[in-house]
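Visitor: Just a sequence and a predicted model for now, questions to come.
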Amino acid sequence: MRTAAADPPEPERTTQLRLGAESEPGQAGAVGKPDAAVVRDALGVGVAVGLSGFAFGVTSAGSGLSVLQTCALSLLVFTGASQFALVGALAAGGNPLTAAAGAFFLGVRNAFYGLRLSQLLALPRVVRPFAAHWVIDETSAVALAQPTRRSVRLGFTVTGLTLYVLWNLTTLLGALGASAIGDTGAWGLDAAGPAVFLALLAPMLKSTTERAVAGLAVLLGLGLLPVLPAGVPVLVAALAAPAVLYVEGRRRATASNAPQGEDR
């Protein structure tokens with residue numbers, strides 16, 4: 001026998017259905033976030049990180065790239081850590097192929113972001129190639145923090161648009177002003193890219209395994225820097241992930257196979 005409490009009143013049920021339609025599949029009932037709050041957060045990230053494109057423009061021009069080459073990197077590559085890795089290796093006299101390989105491996109992480117974002121955004125096929133160009137650390141961080149599909153799309157779009165415009169504009173300004181600044185090493189601008197990347201990465205390191213991977217990668221990268229050609233330490237540091245995961249897997253296997261004490 002059904003009671004009056006079996007189903008929510010009609011207005012309440014309508015609200016639930018509306019919220020469920022905005023939520024990601026499997027998260028029906030998620031409470032939406034005000035658009036103004038999403039835009040505010042997205043603009044904050046986009047402006048803060050976009051301004052660091054000036055440091056990239058200066059560093060790239062200081063490494064010997066032309067203004068056109070520098071701007072092309074920001075327009076076509078558009079992933080800050082990879083861009084800094086490339087020009088940093090070139091500035092240190094590294095082989096262009098090695099420098100490009102290091103930048104490529106840093107950029108591979110964006111493909112994993114894309115796997116998750118493709119489900120959350122659920123964009124039409126014709127839009128996906130354009131949206132893929134904006135799949136980077138910052139847009140992913142803002143989008144993944146949103147509770148509903150509407151706010152995911154809004155956060156991703158506002159962050160991507162703001163960051164893309166500002167990053168490319170400040171890249172151009174930095175490349176044009178590099179000659180006036182002089183020695184970029186004296187200003188320490190080459191450290192801006194790694195600093196921004198570490199600031200974004202640090203809050204994501206929540207588990208012991210993640211911290212171990214990051215710590216080992218730092219040790220490998222810095223330890224091999226004096227003995228290997230520029231760009232190669234970045235490639236070697238990528239081995240930290242499989243190494244830590246292998247040790248973690250062996251530890252868990254040993255723990256699971258350990259004899260259990262008998263109940264007394």
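Guide: Everything's here; your move. Since the structure is predicted, the reported quantities are computational estimates derived from the model, not experimental observations.
Visitor: Wasn't residue 125 part of a helix?
Guide: No - Residue 125: not assigned to a helix; according to DSSP: H, G, I helix; E, B strand; the rest coil it is coil.
Visitor: quick one: it and residue 157, what's the gap?
Guide: Distance of residue 125 to residue 157, given as C-beta to C-beta, to the nearest Å: 17 Å. C-beta coordinates here come from the backbone N, C-alpha and C atoms, glycine included.
Visitor: repeat for residue 47
Guide: Taking C-beta to C-beta, one finds residue 47 at 15 Å from residue 157.
Visitor: more crowded one of these two?
Guide: Relative neighbour count places residue 157 above the other of residue 47 and residue 157, with 19 against 13, counting by other C-beta atoms under 10 Å.
Visitor: need the helices for the stretch 51-200 of the chain, in chain order.
Guide: All helices of the stretch 51-200 of the chain, identified by DSSP state H, counting those that start in this stretch, fall at 53-62, 67-76, 80-91, 96-107, 109-121, 128-132, 137-144, 149-181, 184-187, 192-201.
Visitor: Dump these to a markdown table, plus mean pLDDT.
Guide: Rendered in a markdown table, the data for these read as follows (pLDDT from 0 to 100):
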| stretch | mean pLDDT |
| --- | --- |
| helix 53-62 | 87 |
| helix 67-76 | 94 |
| helix 80-91 | 83 |
| helix 96-107 | 81 |
| helix 109-121 | 89 |
| helix 128-132 | 92 |
| helix 137-144 | 88 |
| helix 149-181 | 91 |
| helix 184-187 | 63 |
| helix 192-201 | 62 |
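Visitor: Quick check: which of these is buried the most?
Guide: With neighbours defined by mean count of other C-beta atoms under 10 Å, none of the helices of the stretch 51-200 of the chain is more surrounded on average than helix 53-62, at a mean of 26.
Visitor: counting contacts, what elements does that one pack onto?
Guide: For helix 53-62, the helices and strands in contact under the criterion 3 or more C-beta pairs under 8 Å, 6 or more residues apart in numbering; DSSP states H and E are helix 67-76, helix 80-91, helix 149-181, helix 184-187, helix 192-201.
Visitor: Report all helices and strands that the third one contacts.
Guide: Meaning helix 149-181. Applying 3+ C-beta pairs under 8 Å, 6+ apart, one finds that helix 149-181 contacts helix 35-50, helix 53-62, helix 67-76, helix 109-121, helix 137-144.
Visitor: Residue 227: neighbour count?
Guide: Residue 227 is flanked by 8 other residues according to other C-beta under 10 Å.
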